[in-house]
Every structure is written in structure tokens, then in C-alpha cells.
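*Asks:* task: produce atomic coordinates for the following.
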Amino acid sequence: MKTLFQALLVVAMLFLGYLCVSSIMKPLRFTQEYEHRRDKVIDRLIEIRTAQVAYRSVYNQYTGSLDTLLHFLKTDSLPMVRMEGSLTDSMIIAGMSESMALKEGIIRRDTTRVSVSDSLFKGRVSYIDSLRYVPFSNGKQFEMGATFLSTASGVKVPVFEAKTPNDHFLKGLERQEVINLNDRAIKIDKYPGLKVGSLDEANNNAGNWEFK
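*Replies:* Presented below is the predicted three-dimensional model:
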């Protein structure tokens, strides 16, 4: 009987030890996986931002449509200025400027067009198609919008925003940890997820992960 009791005591101690280790490791595992997924989503948002900046360079505004943005990436082109010739040291000493050299034909500038997909994604059209999808979300798409904001001086400034909530890219992880993460963000008036740009302020297309 004593031997059985000791055996049960050992089993109970091992089980309690397992529970203690599990309670410590669970948040650590969540943090590791969260950071891994977060980095992948940030990479995708940075690429969307790069695409939006290119779109604005052509159309002087951003687009709130993922379909429009991806169509632009696959079918449109960007201007590229190529310069031939250069000022020599003696020309600079003599006071010649680049504009003067252009007028005299010493320097030439030619503007050509290069496809957006080649310029930004080295022609990877299949990869462009994946930009709309949030990693680890089982097919969820990024939310995106664009508008114009008026500055204090009355100037209209184009802005855009692309975002996804934590619930989408953290799908399948410890639910209570995700709830806690969302609650902490909401309590300090932050978006409970990842986003780049803003429809409420001109923030130079910053991502919310870039703020301390």
C-alpha cells in the first residue's frame, strides 16, 4: 500500500511539474509564433506600401482598391530617366552647371518606360497576385482604403491605409493570448492589428509597428 501511495505521489508530482512547465512555455511559444507571423505580415504591408507609392507617382493619388493596385502592378509602367554624359572637373571649375550642360548637349537625358512588375517585383506576376492575402489567415484579404485629407493651409493630401486585425493572422493560436493582445492595444487607443498608412492623418505612410 505504501509503495502504491509513493508511486501515485511521484505521478502527481510529475503531472504538477508538467503543468508548471506548460504554463510557462505556453506564452513563450505564443510570443515566438506571434513574432514570426507578425514579421511576414509586415513584409507584405511594406510591399503594398511600395506599390502604392509607385501608383501615386503615376496617378498623383493612391487607390483604395486591391484589384486596381494589382492590375497596375501587372500591366502599367513607370518613367525612368537615363542620363548620358557628365560634367568634368574643369567644367565645374569653370562654373558650368548641369542645366547649362544639358542646353549645350554635353549631358543628355532620355525618359523611357519600364514595367512596374519588372521594376518592383522582377516580373514575378504570380507573386503579385498573392499580395492581397494576409499570411496565415486562410485566405483573408487586407482591408484597404484611400482618400484625400486637407492640411491646415487647405492643401489636399492623398493618403491610404492597408490593415489586418490580429484575429486574422493569428488564427489558430492560443485564443486567450490573442484576446489579451487585442485588449492591450484597445486600452491605449491603438489598432488591434497591423496597418500601414492612415485615413485619419497624413503620417508619411508609416506602419503602426514603426511607432515606439
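*Asks:* where does the spatially most central residue of the chain sit: helix, strand or coil?
*Replies:* Centrality entry for the chain: nearest residue to the mean C-alpha point is Leu45, 2.0 Å, by C-alpha atoms, centre = their mean. Per DSSP: H, G, I helix; E, B strand; the rest coil, the secondary structure class of Leu45 is helix.
*Asks:* now it: closest residue in space, sequence neighbours ignored.
*Replies:* Excluding the flanking residues, the one nearest Leu45 by C-beta to C-beta, 6 or more residues apart in numbering is Val196, at 4.4 Å. The C-beta positions use only the backbone N, C-alpha and C, and glycine is treated the same way.
*Asks:* what's the answer for Leu181, then?
*Replies:* In space, not counting the residues next to it along the chain, Leu181 is nearest to Asn166; the distance is 5.7 Å by C-beta to C-beta, 6+ apart.
*Asks:* again, but for Phe72
*Replies:* In space, Phe72 comes closest to Tyr55 once its chain neighbours are excluded; the distance is 5.3 Å by C-beta to C-beta, 6+ apart.
*Asks:* name every strand pairing with the helix or strand containing Glu161 and say which way it goes.
*Replies:* Glu161 is part of strand 156-165, with elements assigned from DSSP states H and E. In the sheet, strand 156-165 lines up against strand 143-150 (antiparallel), strand 193-197 (antiparallel) (DSSP bridges).
*Asks:* list the contacts for the residue nearest to Leu181?
*Replies:* Taking C-beta atoms under 8 Å, 6 or more residues apart in numbering as the definition of contact, the neighbours of Asn166 are 178, 181-182, 185, 192-194.
*Asks:* hang on, the earlier thing: against Val157, how distant is the residue nearest to the centre of the chain?
*Replies:* According to C-beta to C-beta, to the nearest Å, Leu45 and Val157 sit 20 Å apart.
*Asks:* next: Leu78.
*Replies:* Per C-beta to C-beta, Leu78 is found 22 Å from Val157.
*Asks:* more neighbours, these two?
*Replies:* Leu78 (16 against 11; other C-beta atoms under 10 Å).
*Asks:* report the secondary structure state of that one.
*Replies:* Local secondary structure at Leu78 is given as strand here, using three-state DSSP.
*Asks:* how close does it sit to Phe72?
*Replies:* In this structure, Leu78 lies at 10 Å from Phe72, with C-beta to C-beta as the measure.
*Asks:* again with Leu120
*Replies:* From Leu120 over to Phe72 the distance is 10 Å, taken as C-beta to C-beta.
*Asks:* read off the pLDDT value for Tyr18.
*Replies:* Taken from the predicted model, the pLDDT recorded for Tyr18 is 45.
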